[in-house]
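Trainee: This is the structure alone, sequence omitted:
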């Protein structure tokens, strides 16, 4: 195996198509196909299943991707570091954001990055903390802004602050007329929540256990957009950071109320792989991210309590 073959394999796996990989890598499609076949011959295993919809990884292909994706990224970052030495910073940075954070800062951070460091290519991936943590461990991601607690992540972490959680209900629910609601009352309502694999669900389950309550969860959604749309339809209440539904509340589609003390809070953590040597581009994007958090706080767009 050589790095060119692994880079080709990684690109085809990501895009699911030889033609798309050919456009991305600017290499003729027959040449990419030959590199994949050489790799399969050396490993004595098929890495892709070819069908009319493209290229799908086999079990062997998924194993190879899991073991080599981080290696390929690190080699690419070394190249970027050397090429940008003494010049403007450059390179690709893959940043993961949980949905409730992404909806507040992703566009602002992208604009700040383009304006400040035009040589840096920023890839923003939106997903829940569990998925982002997995990708960090596999070396497929450079940074992620996720919810803690940071001590359980087995990653290089920095606590950035704590995000309050509020009750969220549909229009006409009466939440907007209340200054705050009791967590016991809220947990007795019909709820729309993420599945058990997600940190927010675990936080709510812990609160219910302390009150010795059984949650009435009729609907689960592992998509933030789906979750809020289900609440808009009047199918239940949920719990979210107020910044994540600010636009929906302003438009009158949702109502929110604070939760009486002790109100739930979530630790916001900037995480990166422990064995991942950070590049200049990664460090600069980290700085921009922190600056954006402060700016959002000062502009009243985010209620985060900064560390």
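Mentor: Thanks, I have it. Model, not experiment: these values are computed from the prediction.
Trainee: Where does the prediction get shaky in the stretch 51-200 of the chain?
Mentor: 84, 149-152 (pLDDT under 70).
Trainee: The nearest residue to residue 176 once chain neighbours are set aside pairs with what?
Mentor: Closest residue in space to residue 176, ignoring its immediate chain neighbours: residue 255 at 4.1 Å, by CB to CB, 6 or more residues apart in numbering. For the C-beta atoms, the positions are set from N, CA and C on the backbone; glycine is no exception. Using DSSP bridges, the beta-bridge partners of residue 255 come out as residue 169.
Trainee: In contact with residue 255: list those residues for me.
Mentor: 168-176, 249 (CB atoms under 8 Å, 6 or more residues apart in numbering).
Trainee: Now flag whichever of those is closest to residue 67.
Mentor: Among the contacts of residue 255, residue 168 lies closest to residue 67 (CB to CB), at 41.3 Å.
Trainee: So what's the residue count around the closest one?
Mentor: 28 (other CB atoms under 10 Å).
Trainee: before we move on, what about residue 301?
Mentor: 14.
Trainee: from the contacts of residue 255, which ones fall inside helices?
Mentor: Within the contacts of residue 255, residues falling in helices by DSSP state H are residue 249.
Trainee: Would you convert the contacts of residue 255 into JSON lines that also reports distance to residue 260?
Mentor: Listed next are the contacts of residue 255 as JSON lines, based on distance: CB to CB, whole Å:
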{"residue": "168", "distance to residue 260": "16"}
{"residue": "169", "distance to residue 260": "16"}
{"residue": "170", "distance to residue 260": "21"}
{"residue": "171", "distance to residue 260": "23"}
{"residue": "172", "distance to residue 260": "22"}
{"residue": "173", "distance to residue 260": "17"}
{"residue": "174", "distance to residue 260": "16"}
{"residue": "175", "distance to residue 260": "13"}
{"residue": "176", "distance to residue 260": "16"}
{"residue": "249", "distance to residue 260": "19"}
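Trainee: among the contacts of residue 255, who's most crowded?
Mentor: residue 168 (28 neighbours).
Trainee: which ones are touching it?
Mentor: 175, 228, 231, 237-240, 245, 254-256.
Trainee: please redo it, this time with the cut-off set to 7 Å
Mentor: For residue 168, the contact set (CB atoms under 7 Å, 6 or more residues apart in numbering) comprises 231, 237-240, 245, 254, 256.
Trainee: Among the residues you listed, name the ones in strands.
Mentor: 238-240, 254, 256 (DSSP state E).
Trainee: distance of residue 32 from residue 38?
Mentor: Using CB to CB, to the nearest Å, residue 32 is found at 11 Å from residue 38.
Trainee: just residue 177 next, same as before
Mentor: 68 Å.
Trainee: ok, these two, which is more surrounded?
Mentor: residue 38 (14 against 8).
Trainee: show me where the stretch 101-250 of the chain has helices.
Mentor: With DSSP state H, counting those that start in this stretch as the criterion, the stretch 101-250 of the chain has helices at 129-137, 183-187, 199-210, 224-232, 246-250.
Trainee: For the helix or strand encompassing residue 5, what is the distance to the chain centroid?
Mentor: Residue 5 belongs to helix 3-15 when assigned by DSSP states H and E. Using CA atoms, centre = their mean, to the nearest Å, the mean C-alpha position of helix 3-15 is found 23 Å from that of the whole chain.
Trainee: other SSEs contacting it?
Mentor: In this structure, helix 3-15 packs against helix 18-25, helix 29-43, helix 59-84, with contacts taken as 3 or more CB pairs under 7 Å, 6 or more residues apart in numbering; DSSP states H and E.
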